[in-house]
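>>> missing the sequence, but the structure's below:
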């Protein structure tokens, strides 16, 4: 019985401790490159300038506070802020975006990290956000943000994959089957 209890404990702990997590638990510390693109995600638009370097592209490490700010043509006030599990883009001035196939921001993870699954979008429709793993595009085409308008994207936090939970349940099931079999063998020996 003692051996069976140890087997069951190992199965439970083994199922919990091993297996991959869904994706990165936080964005903080990730090296990210950003640029504005128009009329397609692969077409950088040089009319956008980041305040940090005066260029149309800028790379930074995500952390506390606003990572980047910039202006589009003559419109000042686009703030980019990555949180632990999300992204906030705020327009400090009102504006209007031309209706192209794509007119927005492109973010790329530079150190092999990936963006976690997008689980929530605030301020516009989720169809405007495309996550391909190491690239995230946010399309503002045709939108008219007001001064102070904030768009937010929420990413999933690190959680165990379904396969990890499956291993846990399989281990517990095998331990239960072993207990049942041992009980049956003991009962046969006692009858004999």
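In hand now; what should we look at? These figures come from a predicted structure and were not determined experimentally. Residues are numbered from 1 along each chain as shown.
>>> use CA for all of it now, contacts and neighbours both
OK.
>>> quick one: the strands in the protein?
31-37, 48-50, 57-61, 68-72, 75-83, 86-91, 104-109, 118-122, 129-131, 135-139, 149-155 (DSSP state E).
>>> where does pLDDT dip in this structure?
Across the chain, the ranges flagged by pLDDT under 70 are 1-25, 74-76, 158-165, 184-192.
>>> wait, residue 31 touches residue 63, no?
No. Taking contacts as C-alpha atoms under 8 Å, residue 31 lies outside contact range of residue 63: 9.9 Å.
>>> now do the buried residues in stretch 167-181.
The neighbour-count check on stretch 167-181 (16 or more other C-alpha atoms under 10 Å) flags 167-169, 171-172, 175, 179 as buried.
>>> do stretch 114-121 as well
Buried, per 16+ other C-alpha under 10 Å, within stretch 114-121: 114-118, 121.
>>> on that earlier part again, farthest-separated two in the buried residues of stretch 167-181?
Pairwise distances across these peak at 18.3 Å for 167 and 179 (criterion: C-alpha to C-alpha).
>>> quick test: name the residue nearest the centre of the chain.
residue 116 (1.9 Å; C-alpha atoms, centre = their mean).
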